[in-house]
Every structure is written in C-alpha cells, then in structure tokens.
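J.: quick one: sequence plus predicted model below, questions after.
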Amino acid sequence: MTGSDTPSSFRLAYVPGVTPTKWVRVWHERLPGTPLKLVQVPAAEASRLLADGGAEAGLVRLPVDRDVLSAIPLYTETTVVVIPKDHVATAAEDVTLADLADEIVLHPLDDLLDWDTLPGRPALERPATTADAIELVAAGVGVLLVPQSLARLHHRKDLTYRPVLEAPESRVALSWPQEEPTPDLVEEFIGIVRGRTVNSTRGRAATPPQPSAKEKAKAKAKRAATGTASGRKPAPGGKQSGTGRRAGAPKGGRSGQPGGRTPGKRGKPRGR
C-alpha cells in the first residue's frame, strides 16, 4: 500500500498469556512511521474480533475457523497444574494425569484445553473464568490445569505449578481475515514473526536479478568477437602486439640471427 491507501496504524489483537513484546519492538524499528496498536481480547472472542475487522491480525489460540481466517502456528505451550505451595505434588518435577485422579480439578468456562476426558474429580460448579478458578485454588478448593503462560499471568505468592505429562496442549498462532491479496502490513508482520530480515521481507525492494551462466557466456563470446575480451585493441593487420614475436620480425632470435644468437666479440680461449 502506498500514499493514501496506507493505514495510519496497524491493530494487533492478542489473547491473555501471549506476550507480543519482541515482535512489537521489531515493528517499531522497521516501520517507525506506522504505529502498532495492541488490542487485548479474551481467547474465546478473538476469532470474532478479527472476522468483524476489529484488528488487522491477532495472536490467538487454535483452533480458528479456517473458512474465515488464515493462521500460521507459532508455538505450542506446556500444560501445567496450578497448586498451593504446600501441595504434595510440589515434591516432584512434573506430574501425570493419573497423579491427579483423586483431586478436584477445576474446569472454568473459558478453559483453553481440548479434553477428551476431564481428569480428576469435577467440582460442584464450573468457575466462570480462569481468574476465578485461580482464586479457588488459593482457597484450597481444587487444582487447575492451564497453559504455562496463564499460570505465570495469574501468579500468586501462595501458589506454584508443575508440568503435566500427557495433557492436551495449547497452540498459539498468528491469524488474520482471509483476503486476496493479503494486505501489505499483515505481510510485514508475518515476516517479523517468521524472523525474516529486512531485505527478505515481502514487499521490500528486491535484489536485481543476476545474469545466468548462459547469458554470461554469450556476453563473453560477443566481447571476444569484437576484440575486447582481454581489454586490448586489435593490432593493424589483424595481429595483436605483445604476443610472440613482433610484427614483421624474421624468424629466429630477437636480432634476426639464425638460432637466435646475439652478435658480439669472441672471447679468448681459456687456458688449459
């Protein structure tokens, strides 16, 4: 986009737990004239926000509706169990789902994990949000399984967490509304999250194409045909000077003597 078609800013949505700081920093370095505005949105509402045009792109959690949105998976998060600091599970580096069989496992309405079968024992009621579930864990009501970034986001001094083996994991992706072609600023941000350099980012000036080997050989033959292959001008009569004997010189030595001898005085015979 150029001129009046270029947006005054780029809106990037992101869901709780995702930290876009490093990509935002690169954006400001490469496009200082185009502000980037961050739009925080609950995970369950991110897809609708993008589809309705509330942001040009978003850092969301999969899955998304691929009929409406494009998406590039970025990374997968470890699932952890949030527990009180005096919980018996703190003695281990990680836990299994079987270790939680006798625990009340809270399942908030905004849960981000795709469970086939919920682990542990269910609570009497489902908390409305992950933040509410964290409060219940602190009160000793049960434990909570979440992506690690959310455990860090809701950190409390009286709580800790441990990785859970064999639990479903949450995948984070860059997503944007499907359009043809993809808007230039979205392409710029795609390049940033994929680690492209400034020169390789789509939409930037490309390096001029280099001639092929066939084209180089053809150009060399043309120079040779015009006598410029070695940078020397052709000598009169079609012979080049400086190569072999000079033009018009008789065969033999440089002085024209047979055998190439140089005339001179004979020396005295050496004594025996």
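T.: Noted; the coordinates are in hand.

J.: mind listing what Pro163 touches?
T.: Pro163 sits next to Thr78, Thr79, Val80, Glu93, Asp94, Val95, Gln148 when contact means CB atoms under 8 Å, 6 or more residues apart in numbering. C-betas here are computed from N, CA, C, even on glycine.

J.: and for Lys85?
T.: By CB under 8 Å, 6+ apart, Lys85 lies in contact with Asp158, Leu159, Thr160.

J.: circling back to that earlier point, in strands only, show me the contacts of Pro163.
T.: Thr79, Val80, Val95 (DSSP state E).

J.: now the helices for the stretch 51-200 of the chain?
T.: With DSSP state H, counting those that start in this stretch as the criterion, the stretch 51-200 of the chain has helices at 130-138, 148-153, 184-193.

J.: excluding its backbone neighbours, what's nearest the residue nearest in space to the middle of the chain?
T.: Residue closest to the average C-alpha location in the chain (CA atoms, centre = their mean): Arg194, at 1.9 Å. Nearest non-adjacent residue to Arg194, counting by CB to CB, 6 or more residues apart in numbering: Ile72, 7.5 Å away.

J.: what about the one you found, neighbour count?
T.: Neighbourhood size, Ile72 [other CB atoms under 10 Å]: 12.

J.: shaky segments in the stretch 1-150 of the chain?
T.: For the stretch 1-150 of the chain, the stretches with pLDDT under 70 are 1-7.

J.: buried among the contacts of Pro163? Make that a PyMOL selection.
T.: What follows is the PyMOL syntax for the buried subset of the contacts of Pro163, where burial is set by 16 or more other CB atoms under 10 Å:
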select buried, resi 78+79+80+95+148
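
J.: same list (the contacts of Pro163) but as a markdown table, adding distance to Gly33.
T.: Output for those, formatted as a markdown table (distance: CB to CB, whole Å):
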| residue | distance to Gly33 |
| --- | --- |
| Thr78 | 38 |
| Thr79 | 41 |
| Val80 | 41 |
| Glu93 | 48 |
| Asp94 | 47 |
| Val95 | 50 |
| Gln148 | 36 |
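
J.: what about the strands in the protein?
T.: Using DSSP E, strands in the chain cover 10-14, 36-40, 57-61, 69-77, 79-84, 95-96, 105-106, 143-147, 159-165, 170-177.

J.: make a markdown table from those and add distance to Lys218 to it.
T.: Formatted as a markdown table, these follow (distance: least, CB to CB, whole Å):
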| stretch | distance to Lys218 |
| --- | --- |
| strand 10-14 | 47 |
| strand 36-40 | 49 |
| strand 57-61 | 47 |
| strand 69-77 | 43 |
| strand 79-84 | 62 |
| strand 95-96 | 69 |
| strand 105-106 | 73 |
| strand 143-147 | 60 |
| strand 159-165 | 63 |
| strand 170-177 | 46 |
